[in-house]
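Asks: Next input, structure requested:
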Amino acid sequence: MTIALEEAPLAPAVRDMPPLRIGPLTIDVPVVLAPMAGVTNMAFRRLCREYGIGLYVTEMITTRALVERNDVTMRLIQHHESETPRSIQLYGVDPRYTGEAARIIAGEDHADHIDLNFGCPVPKVTRKGGGSALPWKRDLFRDIVAAAVDGAGDVPVTVKMRTGIDADHSTFLEAGRIAEDVGAAGVALHARSLEQSYSGTADWSAIAELKQHVTSIPVLGNGDIWSAADAVRMVEETGCDGVVVGRGCLGRPWIFGELARAFGGDAPRVDASLAFVATAFRRHAELLVEFYEDELRGCRDIRKHAGWYFKGYPVGGEMRGRFTKVDSLAQIDDLIGELDLTVPFPGDSVEGPRGRSGRARRAILPEGWLDSRELASTAGVISSAVAMRLTGRPATRTPTSNASCRNGVRSAASSHATGRECCIRRACGVSPRRRKYSAPRATPTSRVTGSPTRSRSRRSAANWLRRSVSATTSSTRRASVTTSAIRPSGTTANAR
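Replies: Predicted structure coming up:
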């Protein structure tokens, strides 16, 4: 099944833009699809390419999983034969794994471009010092980018980052200069901080400031691009060399055609009527089924896209709910058959923000992360990555530490339970030895008797209490039956 595009005279370009040059690559239209977990898989990238021109990046790939050749990860880095140039985004907190992952991608010809993730604000990433928390540690940031550049060889490496931890802990200017110095081929800035997450409004002035400081490589802008007009306005206000589109394309993959036309490219116009949107939704589901090689799994994946595709259209909550429960392409066809496909494009109700937003939240960081800009200073020793680059050997053991790992490398983090320093994989890539003894914990007590008892989860404790009560009741009943059996004839229970 193919998507029918309405051929129409192309609108005049709003702003002519030169091609985007990233190392040896030339992207005809300076537009990049931002990596989004669970969204920018092969199916979605193929769909976006059917409408427009640009650089389309995979979901975030963990470097360690790639080095260990995890089955799911190896599937995620695959590209369709129609995808060119191919782009993979890597995430990691260890320079060694990052460099090795880049070598695998370049050496085995998995991609033509590598992007490094320093912009993820998700707590499970930042609490490990990764994502948008990592550029705060200048030495670690430099080591990771340099390792990726060295490992990638002729494959260009770019960096995607945020403005910093919060308004008081900005990192983007220094990180941009470091990336430029160690050989990155470009930088992209999401003009929000880690603390902002996806809330509020992106500060495009930060993109303009970065463009003034980083002059030898392209600077791309990201944040609050919901339409082609927004992209043109960002370029005019900031002077950036291109734009990165994330949430703005959710349920609207044809926005890449609009962006291509706005920047002087050649792409057919579309009439985004309900019939057109329903056809695009069906096409997306079809590509997902092909990607997973499983109709049920592909249809389950398309469910989350229903709200984005039909945003602003008179579909109704009940019908949207039915789209989020589909199990087969036949069910999708039946539901589309119930829609009024004569509904035209509704206009402004379709435009504007989509996807996650939420509110600003406190940054979740490793303990003591903000105490120093250097990972080595926070740890009290030279970081393993720096030591390896300078001497070819891991950092030496520090006898004053309360924790040890097999390589004797100390970290900046400390245990929340004990307050002692602990080893982290980022420093040396080796898991710490287990402690023989741990800090004493408060002894739990029984809710019934108040006496000390073994620690149990709520469910197991409730089950234990239920069994105890049942056993006590059964014992009482058995005792009562036994007493009645030996009682002389004619006596009562109250007889003394």
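Asks: Report the mean per-residue pLDDT for stretch 151-163.
Replies: For stretch 151-163, the mean pLDDT works out to 97.
Asks: quick check, distance from it to the centre of its chain.
Replies: Distance of stretch 151-163 from the chain centroid (CA atoms, centre = their mean, to the nearest Å) equals 17 Å.
Asks: and it, C-alpha only, in PDB?
Replies: Extracted C-alpha coordinates of stretch 151-163, given in PDB (Å, rounded to 0.1, in the frame of the first residue of the first chain):
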ATOM      1  CA  GLY A 151      36.400   5.200  16.900                       C
ATOM      2  CA  ALA A 152      34.200   6.400  14.000                       C
ATOM      3  CA  GLY A 153      37.100   7.200  11.700                       C
ATOM      4  CA  ASP A 154      35.700   8.800   8.500                       C
ATOM      5  CA  VAL A 155      32.100   8.500   9.800                       C
ATOM      6  CA  PRO A 156      31.100  12.000  11.100                       C
ATOM      7  CA  VAL A 157      30.000  12.400  14.700                       C
ATOM      8  CA  THR A 158      27.700  15.100  16.000                       C
ATOM      9  CA  VAL A 159      26.500  16.000  19.500                       C
ATOM     10  CA  LYS A 160      22.900  16.700  20.700                       C
ATOM     11  CA  MET A 161      22.600  18.500  24.000                       C
ATOM     12  CA  ARG A 162      20.600  20.800  26.200                       C
ATOM     13  CA  THR A 163      21.400  24.200  27.700                       C
END
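Asks: For that stretch, buried residues please.
Replies: Gly151, Ala152, Val155, Pro156, Val157, Thr158, Val159, Lys160, Met161, Arg162, Thr163 (16 or more other CB atoms under 10 Å). Glycine gets a C-beta too; all of them are placed from N, C-alpha and C.
Asks: where's Val244 relative to Ala280, distance?
Replies: In this view, Val244 and Ala280 are 22 Å apart by CB to CB, to the nearest Å.
Asks: and the closest residue to Leu66 other than its chain neighbours, helix, strand or coil?
Replies: Spatial nearest neighbour of Leu66, chain neighbours left out: Ala101 (4.5 Å); criterion: CB to CB, 6 or more residues apart in numbering. Three-state assignment for Ala101 (DSSP: H, G, I helix; E, B strand; the rest coil): helix.
Asks: Can you read off the pLDDT for Ala101?
Replies: The model's pLDDT for Ala101 equals 98.
Asks: now do the one 4 residues further on
Replies: Here the pLDDT value assigned to Ile105 is 98.
Asks: what about it, helix or strand, and which?
Replies: helix 95-107 (DSSP states H and E).
Asks: What is the very next helix or strand once past that helix packed up against?
Replies: Beyond helix 95-107 in the direction of the C-terminus, DSSP H and E gives the next helix or strand as strand 113-118. Judged by 3 or more CB pairs under 8 Å, 6 or more residues apart in numbering; DSSP states H and E, the packing partners of strand 113-118 are strand 55-62, strand 87-91, helix 95-107, helix 138-152, strand 157-162.
Asks: What strands line up against the last one, and which way round?
Replies: Based on DSSP bridges, the pairing partners of strand 157-162 within the sheet are strand 113-118 (parallel), strand 186-190 (parallel).
Asks: Please produce a markdown table containing those strands, extended by mean neighbour count.
Replies: Output for these, formatted as a markdown table (neighbours: other CB atoms under 10 Å):
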| stretch | mean neighbour count |
| --- | --- |
| strand 113-118 | 27 |
| strand 186-190 | 28 |
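Asks: between Val244 and Ala280, who's got more neighbours?
Replies: More crowded of Val244 and Ala280, by other CB atoms under 10 Å: Val244, with 27 against 22.
Asks: Test my guess that the more buried one contacts Pro218.
Replies: No - using CB atoms under 8 Å, Val244 is not in contact with Pro218, being 11.1 Å away.
Asks: Overlap of the contact sets of those two?
Replies: Contact criterion CB atoms under 8 Å, 6 or more residues apart in numbering; residues shared by Val244 and Pro218: none found.
Asks: From Gly257, how far off is Gly352?
Replies: Distance of Gly352 to Gly257, computed by CB to CB: 19 Å.
Asks: Between those two, which is the more surrounded one?
Replies: Ranked by neighbour count (other CB under 10 Å), Gly352 and Gly257 place Gly257 first, with 23 against 11.
Asks: Quick check: the more buried one touching Gly52?
Replies: Yes - under the criterion of CB under 8 Å, Gly257 makes contact with Gly52 at 4.1 Å.
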